[in-house]
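[1] coordinates only, sequence not included:
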């Protein structure tokens, strides 16, 4: 029964639309408003268009088929999961909040503003430190690994028996990756991958459980070190964004719930509004540290996340980004024994492109656009392959043991393939005079020469990218580059989505740089030598941008990131053109990688606008109804029952007031959240009926803030039978001025209001101000443009 | 009487608050809601708290004193002008609009999207062309002028009688400036200045009359050429932003009302929402062309204007910026005879800072911060002086003749001062081997040497900036730089606000570069030579950033603009620190230059947030009431009377519906604009009472679009006595789902809704959905944080 009622309240309309057929306008017939009925005496009436009995029958049949489908396709991008809650970007302006704000002097607000800046500074500093830590540990460990393997290879090149070297390499890699995979799979699965899709969702307003916890950060940092040192085709840049976000969420709250430590600081910031702002800053600081791109970081946060642009917020985000780059540069400059030289920013450093070598000419623009199109195509292929792989993984590789095994398998294959490629390559190049190669492998080359394939495979990916950008023309022969592109493409595609913490930025750049350089070499070979074409490093850069753009489909922020990472703005225009082309071409086939993964998680993600052709729909069709409403003075028992009802599990409840005359319909007078009710129940803010209005204790905002963000479940709160008979006065605690829309409001208009203000609940009222429905994130995220026009996703408890 | 009623409806509360004293919370006593009464039969009842008779008496007394004050201080930053209307960023979702949207297929929306991109491309292209035109004409004319004067000076240096050269110079300058001033003062006064304050206001949502007209553009372009060639201390960069905006407003509408030419294109874009988006793109394209900074342009538009960040919009803006830079570069590269080399962007080119020469070290950071503080102080001084000057100008120099005279005076003084400085300077420098100096003046220097003061004064400001940045150490002696800084500071300050089109960016950069270089030279002189300090060009750059930041107080966008203009990202962090410091220090004393000028114009400018301490206020206190409401089916005569009532001059009217029972209060059912009513009246969409519901003609959206944006005044529409008795059915045309808020909503909440959605009218309703008030831009812009807490500006018909 419980399960059935759930379907009534959440999926009924989805089922209806299934019955009337897709593609037709979703006007559900009568258009009669359905009023919520007051809850009184503890029993719940939900009077909808269908009677409860009808519903049960109707649903039980439909549910079976639904369940069957659910088993068949456990994760399906046509489903929307109900397990995700929304963040509340709108302030809960109840009496307590307003009183506090009114008490606060102008100086108080100034102090708050200053502490926001301090927090942002701290976020930047700590994020920079973490980036620095990751970088140094990876450098040191990878250095040891490559030296050991190199010595071993050199030993056995002479005496024969290189298979032993191979085994050594494979075992070393697998061990690192195993450790990385185990901590992720067993301790914190949310730390897998780059974390960018999760942060995108968080900034979009979806509460992803455990995503900004301290434990996640620790696992993430340890995991990314293991996977990079383990030689996987991954980068350490993506995870920095997640790390920055966790740092921000932690620092801004002035306490750690994991460590059970409360510094009694920044208590004002303990709500979703402020926290989300800081998380934006943290993500920006992460990008900034990863690529040495403070402006790129700000744009990333804004492009991927924030909807409401606020000047002061942007400056704070910028400040955090700057401090982050600065901290990282400062400590890395000490590490590189060149203390105080701050001109070489970021975890990944593309090396300096001097202006003379990178001049481009008008007739190169079409070439750049062609490269953008290639990047878009290859990116779409990458995403499609990875999509199928992810579907496969979700279906068959979901036990931790299997996940660790797969990760180790990939590590072993990566090492084997690399070794084979190096072994069979006969691309020998003379050692440069300045020995720029970090770990030159001589192998079967003549003395004074090294194996060119090894510079790409036997190296950390960051170094490989740099050498592809900057090595002299002629360093690589085309065959090497072609083989490298193909193998690395499939390796990277297989690797993304493994249960390890790792990013896809660097592998994408590397693939792109390889085929870009190849492109440049081919161009040079079909034209006269000595011309402008000969600088294949330039084409490597463009190729890298095209490939990355084709995979992740960012434009503005990525342009700026690339420009900042190259340290030269001359390339702004070509990079932008390339990214645009890659996006347009790629979008024609399949979505961006992050969006695919978000969809596969069935997250109710809100895009920027409502689907173009959704003017047909109005709030009346979109809203959830009937709504469970509360009276302004409500019986405790009723509230407990409502909150305990696992079948509905609503989080927001409109508060209504009965007219003077009992018959008169009840008007909306506020909105209260589950979390607030929980706190009220916990502190037993009851009014006994006998003694009039005796509140046991005056509740303060602090009580709500202390409970934030992990409010206890209703089951943990004991309410005695006597207490159930008491009343609770919600007047002080409810948000007395919730945003409302009339029933006839079109979906785009509802969407705009919801998105622009970052709402969680939007009350739909009739022309007498009576509650007729409630719009939440799921109701809006359900509609999307498919191939056959407007489609509606189904809601499911995955 | 007419005049008096105006005061009732608009200024009554302002007067009240004046009576109760400033600084105290503005709860206006009773807090009783005031219901609007239906208008019927043509006579207007406005039943407020005070009876009409009381009001007349009360107001007439108050008005006299108000008038007195008005005469005394004609422009006062404590006043808010009522002459400015708001733009409507919210779509008017009436039945016509919804029908059109519903008729449109998915392909239709795709086509619209594509045409948006096309329009943005066109905007970028045309803006680039205009920038190119200005640049080439200025270069050519200035070249002629400087050559003529140089030859003259050289002639008279030998024979004596340099005063003739001086007179020649003064006359040449004055003539150019006179032409520039005359066209601005007589033909289009709105084209004066840089136009950035006006564009800021437009993007903020204030309709500034005539600001985006073709005539304004023509005058602006001609004016800026005259003032730059006339040797004033101005730049041609600021006006580019205005020019871009005008281009955008013109192109996006697919017609020119000035030229009476309608291309029948882009009709869908003929409304404020779309137009404002395109104007953002135009402003960005302008910045992009001016500084070769496409990303900076996007950020400028966002930082200064847009509140609702939309990813697609941002990309389009970016596209326009890119195309603009590209076009400019392409044509300039042809002009500079090195066609196709696109690596040297922008109107102002800071020259290339190579990475080696610009490395900075940690211990320089404090120095940068000190420079930022100096920039902030000097900027505040500049702004304060300019503020007084502007007050003086508003009071005494408001006749075109006087304005032209002043401009000529400034031109003459500028030339004289420059000449004197050059004449008395004994700073001779050897001519460089590559003759980088464009117009080297030998004067009294030895052969093979030139006068160093002349490189700064006898040059276009752009060239002077570049030589300050890049000339070898030792090119300028400290005295030259000091004198130059001081004189140019006062000249620039005097010049800004003259009735000529010109920008303040370049003069600010020039002042800053001069004292920055001086700072660098002093540093070098007190430390060992050969150290890192010796590169005074670096300090010139930092000084330029500091000075500009101190004057205009932009941070994020300015950082990016500077970085893009220098072509090197190494300086991102120092520039950002400097700009932050300059802003903080400057804000302590006085606002930014643009904000000062906006305030002096009494524009109802909405900042990002409501004042911090405004939680005391609710919609009830803020709103205008009583509201003039219309019935859904209203008598034509009544509508004509309301619209003709010059005393109220409202622009938006809530539409209400009478309950079935006559006594029942009427509910809000829509909102209609004056402009819509005008169109309805013009097309005589009447229903004669005798024949039931005979509409003469079915009105379409096209009729509204054709009339946009210059709707005829009500006086131009003739309505016969018979027609006055007809009825008008507003149902189809009103926005049936206007945004509403309850009366108790706090000001910050109202503000957030208003600002985030770019509203023009926000209806305040009671808990029965009856109209009690209307919040417009003026009601929100009135409150600001002054020295004594929350202050309320007075509204006035200036």
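    Noted; the coordinates are in hand. Quantities reported herein were computed from a predicted structural model and do not represent experimental measurements. Residues are numbered from 1 along each chain as shown, chains lettered A, B, ... in the order given.
[2] please enumerate the strands of the stretch 551-700 of chain A.
    Per DSSP state E, counting those that start in this stretch, the stretch 551-700 of chain A carries strands over the ranges A:630-631, A:633-635, A:652-657, A:667-673.
[3] any chance of the ones you listed in JSON lines with distance to residue B:371, mean pLDDT and mean neighbour count as columns?
    Where C-beta positions appear, they are placed from N, C-alpha and C, glycine not excepted. Listed next are the strands of the stretch 551-700 of chain A as JSON lines, based on distance: least, Cβ to Cβ, whole Å; pLDDT from 0 to 100; neighbours: other Cβ atoms under 10 Å in any protein chain shown:
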{"stretch": "strand A:630-631", "distance to residue B:371": "60", "mean pLDDT": "90", "mean neighbour count": "22"}
{"stretch": "strand A:633-635", "distance to residue B:371": "63", "mean pLDDT": "88", "mean neighbour count": "20"}
{"stretch": "strand A:652-657", "distance to residue B:371": "52", "mean pLDDT": "91", "mean neighbour count": "24"}
{"stretch": "strand A:667-673", "distance to residue B:371": "50", "mean pLDDT": "91", "mean neighbour count": "23"}
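[4] now render those strands as TSV, adding distance to residue A:128.
    Below are those laid out as TSV (distance: least, Cβ to Cβ, whole Å):
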stretch	distance to residue A:128
strand A:630-631	48
strand A:633-635	50
strand A:652-657	39
strand A:667-673	36
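[5] and chain B, which of those is closest to it?
    Chain B lies closest, by Cβ to the nearest Cβ, to one member of the strands of the stretch 551-700 of chain A: strand A:667-673, at 5.0 Å.
[6] could you check whether that closest one is close to chain B?
    Yes: judged by Cβ under 8 Å from any Cβ of the partner chain, strand A:667-673 and chain B are in contact via A:667, A:668, A:669.
[7] my guess is the first one contacts residue A:770, does it?
    Right, the one you point to is residue A:667. Yes: using Cβ atoms under 8 Å, residue A:667 is in contact with residue A:770, at 6.3 Å.
[8] need the overlap of contacts for the two.
    residue A:656 (Cβ atoms under 8 Å, 6 or more residues apart in numbering or on different chains).
[9] TSV for the residues of strand A:667-673 next to chain B, including distance to residue B:263?
    Converted to TSV, these look like this (distance: Cβ to Cβ, whole Å):
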residue	distance to residue B:263
A:667	52
A:668	49
A:669	53
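[10] relative to residue A:410, which of those residues is nearest.
    Nearest to residue A:410 out of the residues of strand A:667-673 next to chain B is residue A:668 (Cβ to Cβ; 55.6 Å).
[11] SS state for residue A:133?
    Here residue A:133 is recorded as helix under DSSP: H, G, I helix; E, B strand; the rest coil.
[12] can you check residue A:773 too?
    The local conformation at residue A:773, judged by three-state DSSP, is strand.
[13] please apply the same query to residue A:741.
    strand.
[14] let me see the contact set for the nearest residue to it once chain neighbours are set aside.
    Spatial nearest neighbour of residue A:741, chain neighbours left out: residue A:619 (5.3 Å); criterion: Cβ to Cβ, 6 or more residues apart in numbering or on different chains. Residues in contact with residue A:619, defined by Cβ under 8 Å, 6+ apart, are A:741, A:742, A:743, A:744, A:745, A:746, A:747, A:750, A:764, A:773, A:775.
[15] check residue A:619 and give its pLDDT.
    For residue A:619, the pLDDT comes out at 92.
[16] so where is the stretch 201-350 of chain A shaky, pLDDT-wise?
    For the stretch 201-350 of chain A, applying pLDDT under 70 flags the ranges A:305-309, A:339-346.
[17] do you know which of the strands of the stretch 551-700 of chain A lies nearest residue A:177?
    strand A:667-673 (43.5 Å).
[18] which helices and strands does the closest one pack with?
    Under the contact definition 3 or more Cβ pairs under 8 Å, 6 or more residues apart in numbering or on different chains; DSSP states H and E, strand A:667-673 sits against strand A:652-657, strand A:761-765.
[19] could those go into CSV alongside distance to chain B?
    Formatted as CSV, those follow (distance: least, Cβ to the nearest Cβ, whole Å):
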stretch, distance to chain B
strand A:652-657, 8
strand A:761-765, 8
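[20] in a markdown table: those, plus distance to residue B:484.
    Shown next, in a markdown table, are those (distance: least, Cβ to Cβ, whole Å):
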| stretch | distance to residue B:484 |
| --- | --- |
| strand A:652-657 | 65 |
| strand A:761-765 | 60 |
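[21] name the SS class of the residue lying closest to residue A:607 once chain neighbours are set aside, please.
    In space, and not counting its chain neighbours, residue A:607 is closest to residue A:784: 7.9 Å by Cβ to Cβ, 6+ apart. With three-state DSSP as the basis, residue A:784 sits in strand.
[22] list the residues that contact residue A:784.
    Applying Cβ under 8 Å, 6+ apart to residue A:784 gives the contacts A:607, A:611, A:790, A:791, A:793.
[23] need these in a markdown table (columns: neighbour count).
    Listed next are those as a markdown table, based on neighbours: other Cβ atoms under 10 Å in any protein chain shown:
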| residue | neighbour count |
| --- | --- |
| A:607 | 16 |
| A:611 | 20 |
| A:790 | 22 |
| A:791 | 16 |
| A:793 | 21 |
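[24] need those in TSV with distance to residue A:214 and pLDDT, can you?
    TSV is the format used below for the contacts of residue A:784 (distance: Cβ to Cβ, whole Å; pLDDT from 0 to 100):
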residue	distance to residue A:214	pLDDT
A:607	31	86
A:611	39	87
A:790	42	82
A:791	40	83
A:793	34	84
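[25] so which of those residues belong to helices?
    Of the contacts of residue A:784, none are assigned to helices by DSSP state H.
[26] out of these, which is nearest to residue B:705?
    Checking the contacts of residue A:784 against residue B:705 by Cβ to Cβ gives residue A:611 as the nearest, at 24.3 Å.
[27] now that closest one: phi and psi?
    phi -50, psi 140 (degrees, to the nearest 10).
[28] if I look at it, how far off is chain B?
    9 Å (Cβ to the nearest Cβ, to the nearest Å).
[29] what do you get for residue A:289?
    In terms of Cβ to the nearest Cβ, residue A:289 sits 13 Å off from chain B.
[30] mind giving me the domain split of chain A?
    Following automatic domain parsing, one finds the domains of chain A at A:2-76+A:612-796, A:119-141+A:191-335.
[31] what would these look like in a markdown table with distance to residue A:588?
    Shown next, in a markdown table, are those (distance: least, Cβ to Cβ, whole Å):
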| stretch | distance to residue A:588 |
| --- | --- |
| domain A:2-76+A:612-796 | 13 |
| domain A:119-141+A:191-335 | 21 |
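[32] which stretch among the ones you listed comes nearest residue B:233?
    Of all those, the one in closest proximity to residue B:233, counting by Cβ to Cβ, is domain A:119-141+A:191-335 (29.5 Å).
[33] relative to the whole chain's centre, how far out is the closest one?
    In terms of Cα atoms, centre = their mean, to the nearest Å, the centre of domain A:119-141+A:191-335 is found 12 Å from the chain centre.
[34] which residues in the stretch 651-798 of chain A form helices?
    A:674-682, A:701-707, A:721-724, A:747-757, A:777-781 (DSSP state H, counting those that start in this stretch).
[35] interface residues of the stretch 651-798 of chain A facing chain B?
    Remark: the part of the stretch 651-798 of chain A in contact with chain B comprises A:657, A:667-669, A:736-737, A:739-742, A:744-746, A:749, A:752-753, A:756-757, A:765, A:767-769, A:785, A:789, using Cβ under 8 Å from any Cβ.
[36] how about a cut-off of 7 Å?
    Proximity of the stretch 651-798 of chain A to chain B, by Cβ under 7 Å from any Cβ of the partner chain, involves residues A:667, A:669, A:736-737, A:741-742, A:744-746, A:749, A:752-753, A:756-757, A:767-769, A:785, A:789.
[37] show me which of the residues you listed are buried.
    When those are checked for burial by 16 or more other Cβ atoms under 10 Å in any protein chain shown, the buried set is A:667, A:669, A:736-737, A:741-742, A:744-746, A:749, A:752-753, A:756-757, A:768-769, A:785.
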